[in-house]
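Chemist: sequence and computational prediction follow.
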Amino acid sequence: MTDAKPNKLFTGVAWLIVLFTLGCGGESPPSSDPVNSTDLPSLPAAYTSGEFPRGTPREPIDLRIAFVGEVRGELEPCGCPTLPYGGFTRRAVMLDRLRKKGPLFHLDAGELLLKGIATDRSRDREKRSKTLLELSQKVGVDLWVPGPTDLLALGPEAIASAPGPRRISATWTDPSGKLLLPPTAILERDGLRLGVVGLSAAPTDSALKDKVLSIDPVLATQRALASLPDDLDLVVALSNVADEAALRVATEAPGLAALLTIRKGQYQEPALSEVGTAQAPPVIEVPDRGRYLQLVTVRVGAESSRPALIYPETRKWRDRASSGQEGVFTDLGSGRNLIGISTIPLGRDLDVSDTPLEAVRATLHEFKTDIMAAAASRAQQPPPEIGQRFASSGGCVHCHSAEFARWSLSSHAKAWRALVDRGQTQNPECLPCHTTAWGEPTGLGELTKSGIRKFKGVQCESCHGPMGGHPEDARVGHHTITEAQCIGCHDAANSPDFDYAKYLPQGSCQGGSPEFGVAP
């Protein structure tokens, strides 16, 4: 796996946000303290009085939202050489610190449960989904808007009833047109009332498209807003719809202060498009894999539905928080809702032994224990078909010594050593990509010395399939390597620079001219 290139720092008159993509680069991560950070330069004020429409002034209040999205099955930060941020334990620590500073709402924009359709191990899907929902509750997720992969993980029947955080969606219906979930929610904390509209993307799995229909998100938002009361402090949408759909909602469905959404494709700066004489609400994206918290602080100074103005003066927000003095916000925020954004990395500085982590760690330990036991049990089972027994590279080297020699110099051969160096040899989240035949019949199950010696590293059969009985048994034959096999481990999260054509010659036992397979 390779390092990913860091994103550049996004700046602009309407936006300041510190963000790295999912990769390990040469830059230091931004400070995890959004109040005391001194890493960011001061920017000029983006707006002056009169440039942004004002509404009816009200006594200003602060409302804070910390949201995540596209967690995609990640329970802990991966130890691979990509950006080692994230995990539920670190999130619990940071949320605890933020809550001590005042009321906080914690939202999840969806795509929570599956690591990826192509790479998901369906045999562990139910256990992983249950664990993720349980952990989400334990870190205090107030609201979750399920996405298409969440629907795939749970199914239409369980999407509303499965234990876990409260959930909403104004877009999903059954074939009769009945909504699967409530379209909105009102969250209350310490006298603050937040209205949220849920926008789920349309199902993508062909087996679900006839069972779950999707309302156009603009129409769904308009209907949902009409059902909310007038006495809310703020109204936002929480979304996992496509970028284009999110922008349509922002510009065609008035009544939102902001739209909080997942990253989807390329990271986008918040859009502040003018619509007539009004201003469209900003679309605020969050990095994926749960590696950051997107902290949105809203100084509410106008109607709950008035589009908010992103004020990028980080230093002004910091000074206001430390001194309690309004300063420039008194005039700028009169009749306006102002937003400040901090993208908080969940880094190693959060690896502490705080008491609030006990419940989270207990759930993670139970998950790992169950997965390890299930893998050991499967490894003891006979192969499902003749010719699917694993032999390990020790059975291949006798006839393929040249190929074995080339392989022994590759990173694949050193994959187990990477786990040893990082102390992750007992982590079932890492074992499938750093060993051969983990949890497969006749493969690696219990981590005994003999089992590890036989199956450690990414060996021949990781790519060519089980070869036990070859060459004596004519029914046993290798299959050609395809890109689909590789992305099971070289996925966007842990190998963001993966290029099949470039990587295969480096990792192939065939040397610089490997045989390229085409997925059926």
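Modeler: That came through fine. Residues are numbered from 1 along each chain as shown.

Chemist: what kind of secondary structure is L194 in?
Modeler: Of the three states, L194 takes strand under DSSP: H, G, I helix; E, B strand; the rest coil.

Chemist: what is the burial count for it?
Modeler: Here the neighbour count serves as a burial measure; for L194 (other Cβ atoms under 10 Å) it reads 25. C-beta here means a position set from N, CA and C on the backbone, and glycine is covered the same way.

Chemist: residues contacting it?
Modeler: When contacts are counted by Cβ atoms under 8 Å, 6 or more residues apart in numbering, L194 is found next to L63, I65, F105, I186, L187, E188, L232, D233, L234, V235, V236.

Chemist: now it: closest residue in space that isn't a chain neighbour?
Modeler: Using Cβ to Cβ, 6 or more residues apart in numbering and skipping the chain neighbours, the partner closest in space to L194 is L187 (4.5 Å).

Chemist: confirm V241 sits in a strand?
Modeler: No. Note on V241: no strand contains this position according to three-state DSSP, which reports coil.

Chemist: the closest residue to it other than its chain neighbours: what's it in contact with?
Modeler: Counting by Cβ to Cβ, 6+ apart, A201 is the residue found nearest to V241 once chain neighbours are left out, at 4.7 Å. The contact partners of A201, by Cβ under 8 Å, 6+ apart, come to G110, G147, P148, T171, S214, N240, V241, A242, A245.

Chemist: same check on R263?
Modeler: With contact taken as Cβ under 8 Å, 6+ apart, R263 is in contact with G69, E70, E285, V286, P287, D288.

Chemist: surely G439 and A375 touch.
Modeler: Yes. The pair formed by G439 and A375 meets the contact definition of Cβ atoms under 8 Å, at 3.3 Å.

Chemist: what comes up buried for stretch 232-244?
Modeler: For stretch 232-244, a neighbour-count test (16 or more other Cβ atoms under 10 Å) marks L232, D233, L234, V235, V236, A237, L238, S239, N240, V241, A242, D243 as buried.

Chemist: hmm, I typed the wrong one, I wanted stretch 99-118.
Modeler: Taking 16+ other Cβ under 10 Å as the neighbour-count basis, stretch 99-118 is seen to contain the buried residues 99, 103-115.

Chemist: just the ones in helices from those residues, please.
Modeler: The members of the buried residues of stretch 99-118 that map onto helices under DSSP state H are R99.

Chemist: flag the shaky bits of the protein, pLDDT-wise.
Modeler: In the predicted model of the chain, residues 1-51, 81, 116-122, 265-278, 356, 386-387, 511-520 satisfy pLDDT under 70.

Chemist: name the single longest helix found in it.
Modeler: For the chain, the helix with the greatest residue count under DSSP H is helix 358-379.

Chemist: now it, how far from the centre of its chain.
Modeler: Mean-position distance between helix 358-379 and its chain equals 21 Å (Cα atoms, centre = their mean, to the nearest Å).

Chemist: buried residues in the helix or strand following it?
Modeler: Counting by DSSP states H and E, the element after helix 358-379 in chain order, helix or strand, is helix 401-408. When neighbours are counted by 16+ other Cβ under 10 Å, the buried residues of helix 401-408 are found to be E403, F404, R406, W407.

Chemist: which member of the residues you listed is positioned nearest A153?
Modeler: Each of the buried residues of helix 401-408 was scored against A153 by Cβ to Cβ, and W407 proved nearest at 35.6 Å.

Chemist: what's near enough to touch the nearest residue to that closest one once chain neighbours are set aside?
Modeler: Nearest-residue entry for W407: C509, 4.3 Å, with adjacent residues in sequence omitted and distances by Cβ to Cβ, 6+ apart. By Cβ under 8 Å, 6+ apart, the contact list for C509 reads H400, E403, F404, R406, W407, S410, C460.

Chemist: checking L256 next. Helix, strand or coil?
Modeler: When classified by three-state DSSP, L256 comes out as coil.

Chemist: and A245, by the same measure?
Modeler: Assigned by three-state DSSP, the conformation of A245 is helix.

Chemist: quick check, it in contact with P217.
Modeler: Yes. Using Cβ under 8 Å, A245 is in contact with P217, at 4.9 Å.

Chemist: re earlier: from the buried residues of stretch 232-244, which two are the most distant?
Modeler: Maximum pairwise distance in the buried residues of stretch 232-244, criterion Cβ to Cβ, is 29.2 Å, between D233 and A242.

Chemist: mind checking how far D499 is from H490?
Modeler: Distance, D499 to H490, by Cβ to Cβ, to the nearest Å: 9 Å.

Chemist: now G335, nearest residue through space, not along the chain?
Modeler: Of all residues not flanking G335 in the chain, R54 sits nearest, at 3.3 Å (Cβ to Cβ, 6+ apart).

Chemist: could you dump the contacts of L194 to a markdown table with secondary structure and distance to P163?
Modeler: Supplementary listing: the contacts of L194 in a markdown table, determined by DSSP: H, G, I helix; E, B strand; the rest coil; distance: Cβ to Cβ, whole Å:
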| residue | secondary structure | distance to P163 |
| --- | --- | --- |
| L63 | strand | 28 |
| I65 | strand | 24 |
| F105 | strand | 21 |
| I186 | strand | 22 |
| L187 | strand | 19 |
| E188 | strand | 22 |
| L232 | coil | 28 |
| D233 | coil | 30 |
| L234 | strand | 29 |
| V235 | strand | 28 |
| V236 | strand | 26 |
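
Chemist: using JSON lines, lay out those together with distance to R167.
Modeler: Output for these, formatted as JSON lines (distance: Cβ to Cβ, whole Å):
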{"residue": "L63", "distance to R167": "21"}
{"residue": "I65", "distance to R167": "17"}
{"residue": "F105", "distance to R167": "15"}
{"residue": "I186", "distance to R167": "14"}
{"residue": "L187", "distance to R167": "13"}
{"residue": "E188", "distance to R167": "17"}
{"residue": "L232", "distance to R167": "19"}
{"residue": "D233", "distance to R167": "22"}
{"residue": "L234", "distance to R167": "20"}
{"residue": "V235", "distance to R167": "18"}
{"residue": "V236", "distance to R167": "16"}
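
Chemist: out of the residues you listed, the closest to K368 would be?
Modeler: Compare each of the contacts of L194 with K368 using Cβ to Cβ and the shortest gap goes to F105, at 30.4 Å.

Chemist: any idea what that closest one is bridged to?
Modeler: Residues found in beta-bridge contact with F105 (criterion: DSSP bridges) are I65.

Chemist: what's near enough to touch it?
Modeler: Applying Cβ under 8 Å, 6+ apart as the definition, the contact partners of F105 turn out to be L63, R64, I65, A66, D142, L143, L187, R189, L194.

Chemist: any of those residues buried? List them.
Modeler: Under a neighbour-count criterion of 16+ other Cβ under 10 Å, the subset of those counted as buried comprises L63, R64, I65, A66, D142, L143, L187, L194.

Chemist: kindly provide the distance from the third one to D142.
Modeler: As for I65, its distance to D142 is 9 Å (criterion: Cβ to Cβ).

Chemist: anything in contact with each of those two?
Modeler: F105, H106, L107.
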